[in-house]
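K.L.:
take a look and give me a structure for this.
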Amino acid sequence: MTGHDPSNGKQLWVCDGFNPREQRNWRVIASVAVDGDHVLVPYARGKRLAGVKLEAKGDSVVPTLVWERKGVSADTPTPAVRDGVAYVLSDHGVLDAVNMKDGSVLHSLTLPDVKGKFFASPLLAGDTIYCAADDGTVFIVKVSESGLIYLCNNRIEDVL
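P.N.:
Residues are numbered from 1 along each chain as shown. From the prediction side, this is the model:
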């Protein structure tokens, strides 16, 4: 993972180690998710998740790998973030609410009756998450203090 100056594209810092054995096809498709000075990195074909903290040191930024998890991640969808919680959607329809600071899973929900895969990133609007599968089905989930609550799903052509 690299950080760049937005005005000129110059690389400012590097945080590596996300493919320590340099394995082939150890791809990273999903983008990182950022909340303040915490960065969530989905990698390893949707099998791993890492938390990086960015610290200002003088005029530079120093990234520090804080935690890593196996088994919770996303291959393609970029996580949605709000208030220190990342909503990570796997390609197979598992939605996890992950604490950005320590990587703990706060809540987990397996979406029912999934027939397609999830390549689109989840959309967080207020307290509602919309998860669109590649077969045109959109799953709607409510975020609450007690957990993730599945509300319903609709196929796009049925709504239009």
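
K.L.:
ok, residue 112 - contacts?
P.N.:
150, 153 (C-beta atoms under 8 Å, 6 or more residues apart in numbering). For every residue, glycine as well, the C-beta is placed using N, CA and C.

K.L.:
how much space separates it from residue 152?
P.N.:
Applying C-beta to C-beta, to the nearest Å, the value for residue 112 to residue 152 is 10 Å.

K.L.:
just residue 3 next, same as before
P.N.:
40 Å.

K.L.:
same check, this time on residue 99
P.N.:
Applying C-beta to C-beta to residue 99 and residue 152 gives a distance of 27 Å.

K.L.:
which of the two has more residues huddled nearby?
P.N.:
Neighbour count, other C-beta atoms under 10 Å: between residue 99 and residue 152, residue 99 has more, with 16 against 8.

K.L.:
my understanding was that the more buried one contacts residue 85; is that so?
P.N.:
Yes. Between residue 99 and residue 85 a contact is recorded at 6.5 Å, counting by C-beta atoms under 8 Å.

K.L.:
intersection of neighbour lists for the two?
P.N.:
Between them, residue 99 and residue 85 share these contacting residues under C-beta under 8 Å, 6+ apart: residue 106.

K.L.:
residue 123: how many residues sit nearby?
P.N.:
13.

K.L.:
whoops, residue 1 was the one
P.N.:
Residues near residue 1, counting by other C-beta under 10 Å, number 17.

K.L.:
pull the contacting residues for it.
P.N.:
So residue 1 contacts 14, 15, 16, 18, 32, 39, 41, 52, 63 (C-beta under 8 Å, 6+ apart).

K.L.:
please redo it, this time with the cut-off set to 6 Å
P.N.:
Each residue near residue 1 by C-beta atoms under 6 Å, 6 or more residues apart in numbering is listed here: 15, 41.

K.L.:
state the distance from it to residue 51.
P.N.:
Applying C-beta to C-beta, the value for residue 1 to residue 51 is 12 Å.

K.L.:
show me where the chain has its helices.
P.N.:
Ranges of helices in the chain, per DSSP state H, are 156-159.

K.L.:
so what's the residue count around the nearest residue to residue 47 once chain neighbours are set aside?
P.N.:
Ranked by C-beta to C-beta, 6 or more residues apart in numbering and with sequence neighbours excluded, the top spatial neighbour of residue 47 is residue 73, at 5.8 Å. Around residue 73 there are 25 other residues, counting by other C-beta under 10 Å.
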